[in-house]
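The following comprises the amino acid sequence and a computationally predicted model.
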Amino acid sequence: MVKTKSIHPYASGKIVVPGEKLCVVEEFMASEGTYEVNGEVRALRVGVVLYDYFSRKVRVLYPGKRAFTPKQGNIIKGKIVSVGDDTAFVKIMEIEGVKPLSGFFTGLIHVSQISTNYIKNVEEAFKLGDIIRARVLTSWPPYQLSTKYPGTGVVLAFCSNCRSPLWLKNGLLICPECNSREKRRISPKYILKL
């Protein structure tokens, strides 16, 4: 068997065989198609391995299933699940123009990849629960994402006060329930417009 160098030690999409070591439990927990023995997670069946960096689980799909994973250049839709000063974590929900994803995938947006304009911290552009459209910059997890490209940004946002969907009017997001006004890195494809 010829071994190739992987950019990332735990890259999804590799074909594995029963008993093959996938990782140790401190890195990823056993999930569908895997089992744990002596602190190691191993493949239960022949199939495609998928690593989920957000839930920290690994699973093996049946070989008949084709693995659809994010690739560099794809446009994805995802949900902001964690926001820090300089990064936001995204649960990738779909790849535009591709069949449903083969598992759960995590993306990461650095503050420098949010906009072509200066952004001091991530919360100026994204809030928890926002649905975004972003471009994939890397082909390994956690997938590096960017909303600097045309058509990318927040496509659906929710009020920070009452969690109602926000409506876009004249470049500002308005809550119909509590009349709150908020800013985001808005995509021209924002769903709710007044």
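Nice, thanks for sending it over.

you'd agree F104 is up against S55?
Yes: with contact defined as CB atoms under 8 Å, F104 counts as touching S55 (6.0 Å). C-beta coordinates here come from the backbone N, C-alpha and C atoms, glycine included.

So the two - more neighbours on which side?
Neighbours were counted for F104 and for S55 using other CB atoms under 10 Å; F104 has more, 17 against 14.

List the buried residues for stretch 50-61?
Neighbour-count burial for stretch 50-61, counted by 16 or more other CB atoms under 10 Å, picks out L50, Y51, D52, Y53, F54, K57, V58, R59, V60, L61.

how many other residues sit next to R184?
22.

Surely it touches V154?
Yes: with contact defined as CB under 8 Å, R184 counts as touching V154 (4.3 Å).

Overlap in contacts, those two.
The contact sets of R184 and V154 overlap at A125, F126, D130 (CB atoms under 8 Å, 6 or more residues apart in numbering).

most surrounded residue in those?
Counting by other CB under 10 Å, top hit in those: A125 with 25 neighbours.

Nearest residue to it in space, please, no chain neighbours.
Distances taken as CB to CB, 6 or more residues apart in numbering place R185 nearest to A125, at 3.7 Å, with adjacent residues excluded.

do the same with D85
N121 (4.7 Å).

Look up how far V83 lies from that neighbour.
9 Å (CB to CB, to the nearest Å).

So which of the two has more stuff around it?
Taking other CB under 10 Å, N121 and V83 do not tie; V83 has more neighbours (18 against 13).

doesn't E124 make contact with that one?
No: V83 lies out of contact with E124 (CB under 8 Å); the separation is 10.4 Å.

Next, count neighbours for C178.
By other CB under 10 Å, neighbour count at C178 equals 12.

scratch that, G47
23.

bridging residues for it?
Beta-bridge partners for G47, by DSSP bridges, are V16.
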